[in-house]
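# here's my sequence, what's the structure:
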Amino acid sequence: MKYYALCLTLVFTLSGLRKAQAENAQQLNYSEANPQMKDGGLLRSLIQASKKDEKKYSEALQSVATDSAKIPPSHAFDDGAIVTKKKAVVKKVVTRPVRKKVIAKKRKSPRRLNKTEDKISTSQAAVTKSVVKIVEKPNTLSETKFGGALRIDTETDTNDIDNDDKTFGTIFNLSLRYQLNETYTTGAIIIGEKDLSKSYEQKFSGLDSRVFISRVPWELTDNLSLAPSLRLIYPTSNASKVRDEMITGIEYDSRFSYAATDKLSFSYLPRLRRDFHKFETNRENKMNSEYRVLQFLTGSYNILEQLSFSSTLLFSKRWSYTGRQQSDSYLTILNLSYVINSRFSVGAYTLTGGRYENRERGPDQTVELYDPEGTTWGLSTRFAF
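Purely as a prediction, here's the structure:
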């Protein structure tokens, strides 16, 4: 038994030695094939490999960082960059200089409007404001929709005070307007007079009233404009309501205005009028006028910024219900106006009228600007509100 156990021990020992020799021989063959594995080469190889990988990794990181730096901010997927870009856009929209520009434009607009209105009021005062009962200028745009003007004229002739034919009176003219929109304006004109030459106890008598609608002028050219207007006449005077038994009347006119220079301007206004009466003849057994054509030709010159002079020539033609042309007449107006401010103005004027037909000498085409025996002098005061 002892001998059998010794043999088994020897067999296991020999088999272990042979296995160890085989492994050493295999390792020796691998190291001969790979010299770097000798004398701890495996460990050094692992360390060198790790260093090479680390170097490649760092180079890769550097290349990525370099490429990222070349990318524009708008293309970078960075929340901070996107937010920064949004903030920059918002700053461009709401920066203070932009707000200042907008506020400046809003503040300048009313000032420009005020300057334009002052020029318009000055030019209006230069074109026969003293005879509103004859010439009515179209309304212009203003800041408020409702407005008007009160005008008081005092007139007298050239006769002596002791003369029985001496005339002296006062005329009141109230014009009201309401601006419907930027284009059209409507309103009313109420005129009354009081004769002071005969008796101070004489009552106030009204003249024919009018309701009108006018349009903002069309700018035909840089210097030429056209302003149409339509009026409805209501008979409130004794001559029209009682004597002529007038029902109503319609007027239409178109004003052509031409600015020759900054100081010189001209205007031409043709007016067509149609009257309606109960009868063809009035209570004095005279023919009533059915159609009338009036033509106004005005020249105005601004002497100073607030002082102006104007001259107006008026021609009037009338036809009765039978178609017969009645005697033609004319009226010349010389007016000197001074504008104190945009609301208040004063003026002095002369009125000289006549007929083309002289009963003693026949037809007479002479037009007089001033007649010592037939000219009417007047002073006017106008207040706008």
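
# and stretch 212-225, which residues are buried?
Within stretch 212-225, the residues scored as buried using 16 or more other CB atoms under 10 Å are 212, 214-217, 225. Heads up, the C-betas are built off the backbone N, CA and C, glycines and all.

# quick one: low-confidence ranges for this protein?
Within the chain, the ranges that satisfy pLDDT under 70 run 1-143, 198-204, 356-365.

# now the buried residues of stretch 212-225 as TSV including secondary structure and distance to residue 268?
Shown next, in TSV, are the buried residues of stretch 212-225 (DSSP: H, G, I helix; E, B strand; the rest coil; distance: CB to CB, whole Å):
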residue	secondary structure	distance to residue 268
212	strand	19
214	strand	17
215	strand	17
216	coil	19
217	coil	13
225	strand	12
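
# from the residues you listed, which is closest to residue 234?
residue 212 (11.5 Å; CB to CB).

# the closest one contacts residue 231, correct?
Yes: Residue 212 lies in contact with residue 231 (CB atoms under 8 Å); the separation is 4.4 Å.

# now the residue nearest to residue 310 when sequence neighbours are not counted: which helix or strand?
Closest residue to residue 310 apart from its sequence neighbours, by CB to CB, 6 or more residues apart in numbering: residue 300 at 4.1 Å. In the assignment (DSSP states H and E), residue 300 maps to strand 289-302.

# packing partners for the following helix or strand past that strand?
With elements assigned by DSSP H and E, the helix or strand that comes after strand 289-302 is strand 307-320. In terms of contacts (3 or more CB pairs under 8 Å, 6 or more residues apart in numbering; DSSP states H and E), strand 307-320 is packed against strand 289-302, strand 329-339.

# looking at those strands, which one is packed in the most?
strand 329-339 (a mean of 20; mean count of other CB atoms under 10 Å).

# pull up the pairing partners for that strand, direction included.
Applying DSSP bridges, strand 329-339 is found paired with strand 307-320 (antiparallel), strand 344-355 (antiparallel).

# need the ones you listed in JSON lines with distance to residue 327 and mean neighbour count, can you?
Listed next are those as JSON lines, based on distance: least, CB to CB, whole Å; neighbours: other CB atoms under 10 Å:
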{"stretch": "strand 307-320", "distance to residue 327": "8", "mean neighbour count": "18"}
{"stretch": "strand 344-355", "distance to residue 327": "5", "mean neighbour count": "18"}
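
# nearest to residue 272, of the ones you listed?
strand 307-320 (10.6 Å).

# count the neighbours of residue 262 for me.
Residues lying near residue 262 (other CB atoms under 10 Å) number 8.

# walking through this protein, point out its helices one by one.
2-33, 41-70, 79-94, 96-125, 238 (DSSP state H).

# I'd say residue 271 and residue 293 touch.
Yes: counting by CB under 8 Å, residue 293 is a contact partner of residue 271 at 7.3 Å.

# ok, back up a step: and the helices and strands packed on strand 307-320 as a markdown table, adding distance to residue 191?
Shown next, in a markdown table, are the helices and strands packed on strand 307-320 (distance: least, CB to CB, whole Å):
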| stretch | distance to residue 191 |
| --- | --- |
| strand 289-302 | 16 |
| strand 329-339 | 16 |
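
# ok, now which ones touch the closest residue to residue 149 other than its chain neighbours?
Using CB to CB, 6+ apart and skipping residues adjacent in sequence, the residue nearest residue 149 is residue 384, 4.5 Å away. Neighbouring residues of residue 384 by CB atoms under 8 Å, 6 or more residues apart in numbering: 121, 147-149, 342-344.

# make a markdown table out of those residues and add distance to residue 281.
Converted to a markdown table, these look like this (distance: CB to CB, whole Å):
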| residue | distance to residue 281 |
| --- | --- |
| 121 | 45 |
| 147 | 42 |
| 148 | 38 |
| 149 | 38 |
| 342 | 48 |
| 343 | 46 |
| 344 | 46 |
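
# circling back: tell me the one of the buried residues of stretch 212-225 nearest residue 354?
Nearest to residue 354 among those, with distances taken as CB to CB, is residue 212, at 28.9 Å.
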